[in-house]
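Colleague: Return atomic coordinates for the entry below.
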Amino acid sequence: MNEATQQYVRQHADDDVRQLALRGCKDPEVDMSLALQQIQGRQTARRKLPTWAACEGICFPPHLNMEQCSSEPAARYKAALCRRLLSAHPSPTTLVDLTGGFGVDFTFMSAAFDQATYVERDEQLFAISSANIRLLVATPTTLVCADGTEYFRTVQRATMFFLDPARRDDHGARTYGMADCTPDVLTMKDELLSRSSYVLLKLSPMLDWRKAVDDLGRECVREVHIVAVGGECKELLVLLSAEGEGMRLCCVNDETEFSVDLGDAASDEIDGIWTNPVAGNYLYEPNAAIMKGGCFAALSRRYGVQSVARNSHLFVSPHPVADFPGRMFRISAVATMNKHDLRSTLGDLRRASITVRNFPLSVADLRKRLRLTDGGDTYLFATTLADGSRVLLVCHRSSPPKPSQREGC
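Modeller: Below is the predicted model:
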C-alpha cells in the first residue's frame, strides 16, 4: 500500500465506506479499492478484534473474510484451551493450522506453542495474513501457501492440528454438516489422530454437538466447547485425542463457564419440576451456550433449581442462587392466559420485554395480543407448566448474590 493510499485510509478511518465509494477520490495515486477495504476492515476490527484495530501496520482482507474470522474473545479462549492442554506436555510443542484463513486463531493460539505452522491456500489471503503474522507473532513460525489437505501429507508429527473447515460450497452457499465442508475432517480423522496428540476442530455453531460427537466417534472425542460471545453462539469446538478417556462438555458465555461430563449431559432426566407457581420465586434463564448445549438436568442438579417444565428450559428457586450461568429475575406475578386475569395482572402496563418458551404464540403475536411495545424494566416470560397450563410470568431483573469461585473447563 503506497503512501497516498495509507494517508487516505488515515484521513477517512471513521467515514461511511459507501459514501466514500460514491464520492471517489481525485488523487490518482490512491488505490481506492484497497483503501475502502482497509477502512471497512479496521471498522469491523474495532468491534471484533480491538487489539488488532489498535495496531498500526495491520492489513485487512475483503469483507467476507473479516466476517468469517474469529472474534478476539473466541480466539483468546482457544489460546487458553491450548495453554491448559500443554501445561504438562513435553517440549517442543508444535501447532499446525491447516486452514489458516485470516490468521486470527493462529495468531493467538501460536503463543502457547514452541513452534507453529500456518497453512492457507488462497494466495491473496495468504499474502495479507502472513504479513500480519510476521508483525504480531513472536513464536518461531513457518508460513505455507498450499492446500491444507495436501500439506498435511508432508507432516510427520505435530502436537496439535487445528482445522476450521470452510462452510461454503463452490457456489458460495452455506454448508453446516462436517462431510459437506472443506476439508472433510471425517475422512482425515484417523490420520490426524495418528500424527498428533490433539486435533482441535472449529465447527459451525449450527451443528448439533451430539451428532458431531457421534459422527467423529465417542472413542476419540475428549472435549466439546460451545463458545458464545455477547449472548450469541459463535463456535463449536471439538477436541479429539487418541489418548486419555472420558468426555466433557463446556458451555462458555463470555466469562462464564459451565462444564459437565458428556455422559451426564446426555441425560434429560430433570430432578425437580416446579409445582408451586407463585410470585416471589426467582426465575433463571440459561445463557446462549447452555441453551445450545442442552445440559439442563446437570444445570438443575448443580444449582439446586427446579425446571418450570421439561421443554420450557426455564428454572426457578425460592432463593437467589449465586453463579447461575444466565439471567436472574424476581417473579412479581403469575397470570393465566385468561383475558380477565391478564387485565388484572398487567394493569396499565404499556411496555415490556417478552420471551416465549414452549408456548404456542410467537413474541410478535403475543405482543400484539397484549398490546405492549418493547422496552421498559418489566420482563414477561410466556411458557407452559408441567401440568400443561400456559402462563405469563411477570418478572423484574434481580442481581445475584456475590459469586463464588467458578469451576473452569
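Colleague: now stretch 32-51, how far from the chain's geometric center?
Modeller: Chain-centre distance of stretch 32-51: 22 Å, with Cα atoms, centre = their mean, to the nearest Å.
Colleague: From here on, call the first residue 7.
Modeller: Fine by me, first position is 7 from now on; the one you just mentioned is stretch 38-57.
Colleague: List the neighbours of that stretch that are in contact with it.
Modeller: 7, 11, 14-15, 18-21, 23, 26-27, 30-31, 58-59, 64-69, 72-73, 75, 77-78, 110 (Cβ atoms under 8 Å, 6 or more residues apart in numbering). C-beta: built from backbone N, CA, C; applies to glycine.
Colleague: Generate a PyMOL selection restricted to the buried subset of those residues.
Modeller: Selection of buried members from the contacts of stretch 38-57 for PyMOL, criterion 16 or more other Cβ atoms under 10 Å:
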select buried, resi 11+14+15+18+23+26+31+58+59+64+65+66+67+72+75+77+78+110
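Colleague: Pull up the distance across stretch 207-226, start to finish.
Modeller: One end of stretch 207-226 sits 13 Å from the other (Cα to Cα, to the nearest Å).
Colleague: Check stretch 225-241 too.
Modeller: Distance between the two ends of stretch 225-241: 22 Å, counting by Cα to Cα.
Colleague: Now do that stretch, average pLDDT.
Modeller: Stretch 225-241 carries an average pLDDT of 95.
Colleague: List the buried residues of it.
Modeller: 226-235, 239-241.
Colleague: okay if I get those residues as TSV plus distance to Ser265 and secondary structure?
Modeller: As requested, the buried residues of stretch 225-241 are exported to TSV (distance: Cβ to Cβ, whole Å; DSSP: H, G, I helix; E, B strand; the rest coil):
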residue	distance to Ser265	secondary structure
Cys226	19	coil
Val227	14	strand
Arg228	12	strand
Glu229	9	strand
Val230	10	strand
His231	9	strand
Ile232	10	strand
Val233	13	strand
Ala234	14	strand
Val235	18	strand
Cys239	16	strand
Lys240	18	strand
Glu241	16	strand
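Colleague: Of all pairs in those, which one spans the longest distance?
Modeller: Maximum pairwise distance among the buried residues of stretch 225-241 (Cβ to Cβ): 27.6 Å, between Cys226 and Val235.
Colleague: How many neighbouring residues does Ser116 have?
Modeller: 26 (other Cβ atoms under 10 Å).
Colleague: repeat for the one 4 residues further on
Modeller: One way to gauge burial is a neighbour count; for Asp120, by other Cβ under 10 Å, it gives 14.
Colleague: my guess is it meets Thr100, correct?
Modeller: Yes. Contact criterion Cβ atoms under 8 Å: Asp120 and Thr100 qualify, at 6.8 Å.
Colleague: okay, how far is it across stretch 24-34, tip to tip?
Modeller: Across stretch 24-34, first to last residue, Cα to Cα, it's 19 Å.
Colleague: let me redo that: stretch 279-293
Modeller: Start-to-end, stretch 279-293 (Cα to Cα) is 20 Å.
Colleague: Please apply the same query to stretch 257-265.
Modeller: Across stretch 257-265, the terminal residues are separated by 6 Å (Cα to Cα).
Colleague: One more: stretch 25-40?
Modeller: OK, stretch 25-40 end separation, Cα to Cα: 15 Å.
Colleague: what is the mean pLDDT for that stretch?
Modeller: For stretch 25-40, mean pLDDT rounds to 86.
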